[in-house]
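Engineer: Need a 3D model of the following:
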Amino acid sequence: MGAEESFSDNFAPAAASRLARGSSALLSDGSIRNKAFRLGTAEAPSTTLLKEFLGPVVVVTSLVLCLKLHGARLSIDSAALGFIVFLVANRILSTPATQTTSNGQQQIRPTPPRLLLEWIAISALVTFLATALSFTYLLPHAALLTWFIVTPAALWASNYGTIRLTRWRTARRRLHRHIIIGATEIGLELAKRVEQDSSTGQFLGFFDFRDRGRLPQLAPDQWAGACQGVADFVQRHAVDAIYIALPISTAPRIAELLQKLRDTTASIYFVPNLFGFDLMQPRCLEIHGIPALAVCETPHLGMPGLRKRVIDILLAVSALMLLGAFMLATAAAVKLTSPGPVLFRQRRYGLNGEEIFIYKFRSMTVCEDGAIVTQATPDDRRITRLGRFLRRTSLDELPQIFNVLEGKMSFVGPRPHAIAHNELYRKLIRGYMIRYKVRPGITGWAQVNGLRGETDTVEKMRKRIEYDIDYMNNWSLWLDLRILVRTVLLVFRDDRAY
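Structural biologist: Coordinates of the predicted model:
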């Protein structure tokens, strides 16, 4: 008996036994069961490590230098404090990266305003922890003040240096060679953005199922060939990455391509054109190992939403401490100058379209909250004399601070409309209800851009909704701060308030 026959005879029972027990959990059976999707990065590990930890290291190094500069003595307690500072900075600081703006320009992210806000948060938290843990004796006031001043500049310089160093290191490695399959709108845009950054490597051209003559948008040097020969091209030119920018509707062709490309060592990425949809806070996520693309989502999930809520509570408590006596005096004035309740309660839509009651100082002789609500006009006789002043200065909105404390509203967000108006305009304006993916606000992006007051035409309301959706797409704590400052500046000089 030959060796081959012996191996075959011995293997057959073992294979039969294994099949009887069932396949290994690590083997794919072609279905989606037992498969998982992970969010990741295409960066080298050293680059990821540099971006993640350089910021916290700069913060700690800056603290040590400031302490040495002012003659402080370093000890084990100082090392413990430095470790705490490192952990705090690592959790709060954003990872440096480049971002392409709407006009095609690249900017370093986080931007200086965002970086400054993050540094303020780090400073406040470190000061609190040092006080709570009795570490304040390690931080002379002069050293602490110097640290607060110089560190933001050091962080910005380190972010800029990180991006430049990353590009330099990438350029010194063998040039990354890539192709794009699909001369589609998303494929052309991807090629344009990749070519703006030389560190991403060498673009070898487009492949497509269509003939070259049907692709007039391609420059002659951008055409690499038809899809039938893409596998041979990848092997001959040592292509590192393949970006498939074909429409989702061509799934059978994409599956055929993937089969042909399995004989190559190139990384393959599918780039679907989701930008053709009406997107709201688009992002990629995984749900228990299953990939999902969010095409309409709130920006206030996770830590961003928690930060906004904490700031709302702090602002509301501070406002009540500062304005409490004034609000009591205003309530008394409303009661004494006209008959009726002090507060006007009206039903509005809140987060996710939930019905809420908002509070205002009563400024009219009526309290409409039915199926028909008539908007105020410049010479509206229903407005009381005191009410006209309250409305012009927005002081009638002050009781909504209690709505903020309840969690029904935020200081900044789309202004809530009366339910009667919601039911009218949701039928007339596409995407109207998207504005309720976030908490409504006391002030908003539309209001500080001249869209305050009566919306007597559908076009005015449509413009307001455009600003509300623009706010949601570009939301940040820095934008909220800008809106609050502009609101204060507009209070006494906005002729649209009546």
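Engineer: For Ala245, which non-adjacent residue is spatially closest?
Structural biologist: Gly187 (3.3 Å; C-beta to C-beta, 6 or more residues apart in numbering). Where you see a C-beta, it was placed from the backbone N, CA and C, and this is true even at glycine.
Engineer: Looks to me like that neighbour is in a helix.
Structural biologist: Yes - when classified by DSSP: H, G, I helix; E, B strand; the rest coil, Gly187 is found to be part of a helix.
Engineer: Give me the secondary structure label for the closest residue to Val458 other than its chain neighbours.
Structural biologist: In this structure, Val458 finds its nearest non-sequential neighbour in Leu428, 5.4 Å apart by C-beta to C-beta, 6+ apart. The three-state label given to Leu428 by three-state DSSP is coil.
Engineer: Can you give me the neighbour number for Leu428?
Structural biologist: Look at Leu428: counted by other C-beta atoms under 10 Å, it has 10 neighbours.
Engineer: before we move on, back to that, right, and the residue nearest to Ala245 touches Gln222 too?
Structural biologist: No - in this structure Gly187 lies outside contact range of Gln222 using C-beta atoms under 8 Å: 10.1 Å.
Engineer: Now the common contact residues for those two.
Structural biologist: Here Gly187 and Gln222 have Phe206 as joint contacts, going by C-beta atoms under 8 Å, 6 or more residues apart in numbering.
Engineer: Which one of those two is surrounded by more residues?
Structural biologist: Comparing Gly187 with Gln222 by neighbour count (other C-beta under 10 Å), the higher total belongs to Gly187, at 22 against 17.
Engineer: who's Ala294 bridged to?
Structural biologist: Arg283 (DSSP bridges).
Engineer: tell me the contacts of it?
Structural biologist: 281-285.
Engineer: Show me which residues of the helix or strand containing Ala255 are buried.
Structural biologist: Assigned by DSSP states H and E, Ala255 belongs to helix 251-261. Within helix 251-261, the residues scored as buried using 16 or more other C-beta atoms under 10 Å are 253-254, 257, 261.
Engineer: Take those and lay them out in a markdown table including distance to Arg212.
Structural biologist: Formatted as a markdown table, the buried residues of helix 251-261 follow (distance: C-beta to C-beta, whole Å):
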| residue | distance to Arg212 |
| --- | --- |
| Arg253 | 18 |
| Ile254 | 21 |
| Leu257 | 18 |
| Leu261 | 21 |
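Engineer: Return the member of those residues nearest to Leu246.
Structural biologist: Leu246 has its nearest neighbour among the buried residues of helix 251-261 in Ile254, at 5.8 Å by C-beta to C-beta.
Engineer: In this structure that closest one contacts Phe270, no?
Structural biologist: Yes - Ile254 lies in contact with Phe270 (C-beta under 8 Å); the separation is 7.2 Å.
Engineer: Touching both of those two, which residues are there?
Structural biologist: Ile244.
Engineer: Run the chain-centre distance for the helix or strand harbouring Lys68.
Structural biologist: For Lys68, the host element (DSSP H and E) is helix 45-69. What separates the centre of helix 45-69 from the centre of its chain is 25 Å, taken as C-alpha atoms, centre = their mean, to the nearest Å.
Engineer: what helices or strands is it leaning on?
Structural biologist: In terms of contacts (3 or more C-beta pairs under 8 Å, 6 or more residues apart in numbering; DSSP states H and E), helix 45-69 is packed against helix 76-92, helix 141-172.
Engineer: quick one: the last one to helix 76-92, angle?
Structural biologist: Angle of helix 141-172 versus helix 76-92, following axes from the mean of the first three to the mean of the last three C-alpha atoms, to 10 degrees, is 50 degrees.
Engineer: Measure how helix 141-172 sits relative to helix 45-69, angle-wise.
Structural biologist: 160 degrees.
Engineer: list the helices and strands helix 141-172 packs on?
Structural biologist: The contact analysis (3+ C-beta pairs under 8 Å, 6+ apart) places helix 141-172 against helix 45-69, strand 106-109, helix 112-132.
Engineer: neighbours of Leu490, just the number please.
Structural biologist: 17.
Engineer: Relative to Lys360, how far out is it?
Structural biologist: For Leu490, the distance to Lys360 equals 18 Å [C-beta to C-beta, to the nearest Å].
Engineer: just Ile442 next, same as before
Structural biologist: Going from Ile442 to Lys360 by C-beta to C-beta gives 10 Å.
Engineer: So which of the two has more stuff around it?
Structural biologist: Ile442 (26 against 21).
Engineer: tell me, what residue is most central in the protein?
Structural biologist: Pro299 (5.7 Å; C-alpha atoms, centre = their mean).
Engineer: what about that one, is that helix, strand or coil?
Structural biologist: coil.
Engineer: Which residues are in contact with it?
Structural biologist: Contacts of Pro299 by C-beta under 8 Å, 6+ apart are 281, 305, 438, 472-473, 475.
Engineer: With Asp470 instead?
Structural biologist: Trp445.
Engineer: Ser249: neighbouring residues, count only.
Structural biologist: Ser249, neighbours per other C-beta under 10 Å, totals 8.
Engineer: Assumed it was part of a strand.
Structural biologist: No - going by three-state DSSP, the assignment for Ser249 is helix, not a strand.
Engineer: now it: how far from Lys260?
Structural biologist: Per C-beta to C-beta, Ser249 is found 20 Å from Lys260.
Engineer: and if you look at Asp468?
Structural biologist: Counting by C-beta to C-beta, the gap from Asp468 to Lys260 is 47 Å.
Engineer: Which of the contacts of Ala294 has the largest number of neighbours?
Structural biologist: Going by other C-beta under 10 Å, Gln281 tops the contacts of Ala294 with 19 neighbours.
Engineer: Could I get the phi/psi values of the residue nearest to it when sequence neighbours are not counted?
Structural biologist: Using C-beta to C-beta, 6+ apart and skipping residues adjacent in sequence, the residue nearest Gln281 is Glu297, 4.4 Å away. Glu297 adopts backbone torsions of phi -140, psi 160, taken as degrees, to the nearest 10.
Engineer: quick one: contacts for Glu297?
Structural biologist: Taking C-beta under 8 Å, 6+ apart as the contact definition, Glu297 lies against 280-283, 437.
Engineer: Thanks again, I'm all set now.
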